[in-house]
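Q: this one's sequence-less:
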Ligand SMILES: CCCCCCC[C@@H](O)CC(=O)SCCNC(=O)CCNC(=O)[C@H](O)C(C)(C)COP(=O)(O)OP(=O)(O)OC[C@H]1O[C@@H](n2cnc3c(N)ncnc32)[C@H](O)[C@@H]1OP(=O)(O)O
C-alpha cells in the first residue's frame, strides 16, 4: 500500500531548496497540502528572496496543493499560523531550516552563536510549541527535528552549529516523551546531503552522490500516521539509512562502599574497565538508565570483598586457539590439531588456559594494588608463583565469572609479596577454576610486615633427590611474548624495550605464565599422552626471567600421579621455574614421546634413557648374543679438528649412558634420543643417515662415533 498523506497538512521549514524542497515535493506528491516555508535568506542567514514561490509552483504544476510562507522560523508561531489560516489544520511539522556561520571557536562572535542557536534550535522549539495545541487536540502529530553528524561527532569550525545540532536531539528526546500519550511522535533525522550548506565543504565527487531526494523518503516514512517510531534518531545519506543510539558501557565501581571516597588512583586502576564498551547497551529512557544507579548504590551498601573484584570473562574458540599458539603448540605435531582447530572432533582447551581469567582480573581490577598502602606500577611487578586447579573440564567457549581476593601479604624486604585467590565460576555458580597467584612487587618491601606465608598459601615442593626421569627441550621463539600477550596480559614489560629497562631488564622478558604453559605442555605430552582431560593442577615458582628465544629444559620426575618438574634455561642451566609440580588424574605414558614433539617450535630433542634401555633390552633379550654385543657401545664427542674429547658408554646393565672413558670411569649420565638410537644400536638404521635426516638429536657438539661391533655394518666416525 502506498503511503498517502491525503487531507494531511504538512509544514516544512527551509523548503525553498535542498532537503526541505525535496521533502515538500514528496509530501505533496503523496496528497499532502504543504506549507513551503522559506525566508529566502542567504546561506549565512542574510537577506530575503522568494525561493518558496518556485517550489510552490513546482508542486501546483504537478497537480498538488501548496502555499508559500516567508516568515522567519524564529517566529515559528507565524509559520504554523499560515497552515491554520490556509488549511485549517496541521499534521506534520518538519523542522529543517538552517544556516551556517562557520568559524573556529576563538573567532565565533556572540551574534554568530546566537543566530545559529536561534535558527536551528530555538526555532525548532517555537514551531513545535505553536503546533502543539493542534496536535494535542486532534491526538495526532508528527514532528521531525534535524540534527547533523557535526553535532554527533563534532566538526572543526562548527562549534556553534555542532552544539545546536546536538541540542536538536535533546529537544527531540523530550518532545517524544511528552507527546507519546497524545500520539504526537517526534524523530530526528541526521542527513548528509548535497545542499547549499554542504557545498564547498564536502569534496565534489562525494557531494555529487549525496542527492537530497534520496533522504526525503526516510523523512516522509517517519511522518506517516501508521509509523509508530517515536524518539528515534535516523541517519541517512546517498540511499542508505540507519538508526543511531547512545550506548553506555557496563562501567566500574570507583569505591568499595558508601563510606569510601573515590580517589584518582582508584579511578586510574579502573580506567580500562571504565573504557570497556564490550558490554555496552542502549537505554531507552532516563528512568531505565538511572535504575542501574540504584543497583550500584545497593552494591555499595552491601560491599562484599568478592563483588569488589569481580569480572565476567567471555571466551571463544579463537581465544583458546590464540592461547595455544602463545605457548608454542604447533600443527607440526598432528596430535596438537585438537588444540588449534575448532572443527577437530576432539577440539579442546589446553588446561593452563585456566590462568587467563584470573590474570586478566588481576591486571584490570587493582586487586593487588588494594593490598598495599603504597601505590606501584607494572614496571615493579613480577609474577612470583602460580597455582591453578581445574575443578571441572574447561569448555572451548563460554562465560566465566571470576572473583578475586587477597590471600596473604608478605614483606620480603627486597619486595612485597601479594598472594591473590582468583576463583572462576560458570553461570550456574559452579566453580570451574581455582587460581592462586603471587605478585612480587620489587622495591615495595620493608613496610614492617611479616615474611612467612599463612597456611592458605599453597607451597612449592622440591623435586625428588635423583636424576630426572625425563627431560624435554622446548625452544621459545623471538616473538613468543609478542604472541602470548594477545591472550590478555598486556604488561608492556613483555614487549616494550624501554619499559623493560625501567624494570631492570636488558630487553622484554617472557610472561611467567607463558614459560609455565610451555613447561606444562611438555609434561602433558610425556605423562598424559597429550590428553588435556588428565590435568588436575599445577604449581610453580618463577625464580628467574626468561627471554624470548631462550631454549627451555624441562626436567621431570614421576611420583605416582604427581609429576615434579623444574625448568631451566638450556644454555646456562639457570633455573627459571622451581619447586613445581603437575598433578594428573592418571598417568598415561606417551606412546610417541620425545621426538614426536616438533623440533622447529619446541625442539624437544631429548632422551629418555629408561625408554632406550627398556627397548634395547626387550629386543635383545630374545637374542642374548646381540645383547652382549650391544653392551659397551661408545659415543665420542669430536671437535672440529677431529679430536675425541669426551666419550660415552652405553651401559646396558645399569640402563644408563655414562660419560667417561671406555675403561669405565663413568661420571655423567647423558640423555640421548631414544627410538632412533635403539634402531641404530640394533643396526636397523645407519647412524649417518639418521643424523643427516635430523632424526638423531644429540645435544651440543656431541657427534656420534661408534664401536657398535658386529651390530653395525661400518665403524665410520661421523
Ligand atoms: C598487578 C597485576 C598482577 C600482575 C601479575 C604479573 C604480570 C606479568 O605480566 C609479569 C610477569 O610475567 S614477570 C615474568 C615472570 N616472573 C619472573 O621472571 C620473576 C622471576 N623471579 C625473580 O626474578 C626473583 O625471584 C624475584 C625478583 C621475584 C625475587 O628475587 P630476590 O629479590 O632476589 O629475592 P630472594 O632474595 O631470592 O628471596 C627473598 C624472599 O622472597 C622469596 N621469593 C623469592 N622469589 C620469589 C618468588 N618468585 N615468589 C615468591 N617468593 C619469592 C624468597 O623465598 C625469600 O623469602 P624468605 O626471605 O622468606 O626466605
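A: Looks like it arrived, so ask away. Because the structure is a prediction, the values reported are computed rather than measured.
Q: please, which helix or strand holds residue 434?
A: With elements taken from DSSP states H and E, the one containing residue 434 is strand 431-442.
Q: report the mean per-residue pLDDT for that strand.
A: Mean pLDDT, strand 431-442: 95.
Q: that one close to the ligand?
A: Yes: part of strand 431-442 sits near the ligand under the criterion Cβ under 6 Å from any ligand atom, namely 438-440, 442. C-betas here are computed from N, CA, C, even on glycine.
Q: which one of those is nearest to residue 144?
A: If you rank the residues of strand 431-442 next to the ligand by distance to residue 144 using Cβ to Cβ, residue 439 comes first, at 57.3 Å.
Q: tally up the residues packed near the closest one, please.
A: Applying the criterion other Cβ atoms under 10 Å, we find 23 residues in the vicinity of residue 439.
Q: doesn't residue 380 make contact with it?
A: No: the criterion here is Cβ atoms under 8 Å, and residue 439 misses it with residue 380 at 9.6 Å.
Q: CSV for the residues of strand 431-442 next to the ligand, including distance to residue 10?
A: Conversion of the residues of strand 431-442 next to the ligand to CSV gives the following (distance: Cβ to Cβ, whole Å):
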residue, distance to residue 10
438, 71
439, 67
440, 72
442, 72
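Q: so residue 582, which of the three states?
A: Here residue 582 is recorded as strand under DSSP: H, G, I helix; E, B strand; the rest coil.
Q: quick check: bridge partners of it?
A: Partner residues in beta bridges with residue 582: residue 538, residue 563, with DSSP bridges as the criterion.
Q: counting neighbours, what do you get for it?
A: One way to gauge burial is a neighbour count; for residue 582, by other Cβ under 10 Å, it gives 26.
Q: need the three-state assignment for residue 143.
A: Of the three states, residue 143 takes strand under three-state DSSP.
Q: got a list of what it touches?
A: The neighbours of residue 143, taking Cβ atoms under 8 Å, 6 or more residues apart in numbering as the test, are 92-95, 128, 131, 172, 175, 179, 184-187.
Q: still on that earlier bit, using PyMOL, define a selection of the buried residues within the residues of strand 431-442 next to the ligand.
A: A single PyMOL command is used to select the members of the residues of strand 431-442 next to the ligand judged buried by 16 or more other Cβ atoms under 10 Å:
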select buried, resi 438+439+440+442
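Q: neighbours of the closest residue in space to residue 51 that isn't next to it in sequence, how many?
A: In this structure, residue 51 finds its nearest non-sequential neighbour in residue 16, 2.9 Å apart by Cβ to Cβ, 6 or more residues apart in numbering. The local packing count at residue 16 equals 27, with neighbours defined by other Cβ under 10 Å.
Q: just the pLDDT at residue 16, thanks.
A: The per-residue pLDDT of residue 16 was computed as 94.
Q: tell me the one among the residues of strand 431-442 next to the ligand nearest to residue 298.
A: Using Cβ to Cβ, the shortest approach to residue 298 within these belongs to residue 439, at 31.1 Å.
Q: what parts of the stretch 351-500 of the chain come near the ligand?
A: Taking Cβ under 6 Å from any ligand atom, the part of the stretch 351-500 of the chain that reaches the ligand is made up of 362-363, 368, 381-385, 412, 414-415, 417, 438-440, 442, 451, 489, 491, 493.
Q: and if we set it to 5 Å?
A: 362, 368, 381-385, 412, 414, 439-440, 451, 489, 491 (Cβ under 5 Å from any ligand atom).
Q: which two among these are spaced furthest apart?
A: With Cβ to Cβ as the measure, no two of those lie farther apart than 451 and 489, at 27.4 Å.
Q: who has more neighbours, these two?
A: Neighbour totals were compared for residue 451 and residue 489, and residue 489 leads with 22 against 10 (other Cβ under 10 Å).
Q: in the longest helix along the chain, what counts as buried?
A: Secondary structure of the chain per DSSP state H: the longest helix is helix 159-179. Under the neighbour-count criterion of 16+ other Cβ under 10 Å, helix 159-179 has 159-169, 171-173, 175-176, 179 buried.
Q: again with stretch 88-103
A: 89-102.
Q: quick one, phi psi at the spatially most central residue of the chain?
A: If you average the C-alpha coordinates of the chain and look for the closest C-alpha using Cα atoms, centre = their mean, you land on residue 488, 6.9 Å from that point. Main-chain torsions, residue 488, degrees, to the nearest 10: phi 130, psi -10.
Q: which residues does it contact?
A: By Cβ under 8 Å, 6+ apart, the contact list for residue 488 reads 356, 359-360, 363.
Q: for the residues you listed, which entry has the maximal number of neighbours?
A: The member of those surrounded by the most neighbours (other Cβ under 10 Å) is residue 356, with 27 neighbours in all.
Q: from what I see, it and residue 487 are in contact.
A: Yes: checked against Cβ under 8 Å, the pair residue 356 and residue 487 is within contact range at 5.7 Å.
Q: list the residues that contact both of these two?
A: With the criterion set as Cβ under 8 Å, 6+ apart, the overlap between the contacts of residue 356 and residue 487 is 319, 323.
Q: any idea which helix or strand comes after the helix or strand that contains residue 186?
A: Remark: residue 186 resides in strand 184-191, with elements defined by DSSP H and E. Read in the C-terminal direction, the helix or strand following strand 184-191 is helix 204-209, with elements assigned using DSSP H and E.
Q: returning to that earlier point: narrow the buried residues of stretch 88-103 to those in strands?
A: Among the buried residues of stretch 88-103, the members falling in strands are 92-94 (criterion: DSSP state E).
Q: nearest to residue 10, out of these: which one, please.
A: The closest of these to residue 10 turns out to be residue 92 (Cβ to Cβ; 4.2 Å).
Q: surely that closest one is in contact with residue 223?
A: Yes: Residue 92 is within contact range of residue 223, at 4.6 Å (criterion: Cβ under 8 Å).
Q: need the residues touching each of the two.
A: Joint contacts of residue 92 and residue 223 (Cβ under 8 Å, 6+ apart) are 5, 10, 27, 142, 144.
Q: show me what the fourth one is bridged to.
A: Yep, that's residue 142 we're talking about. Partner residues in beta bridges with residue 142, using DSSP bridges, are residue 92, residue 185.
Q: hmm, back to that, relative to residue 333, how far out is the residue nearest to the centre of the chain?
A: Here the criterion is Cβ to Cβ, to the nearest Å. By it, residue 488 lies 25 Å from residue 333.
Q: before we move on, what about residue 478?
A: Counting by Cβ to Cβ, the separation of residue 478 from residue 333 is 21 Å.
Q: repeat that for residue 344.
A: Using Cβ to Cβ, residue 344 is found at 13 Å from residue 333.
Q: likewise residue 585?
A: Plainly put, residue 585 is 23 Å away from residue 333 if you go by Cβ to Cβ.
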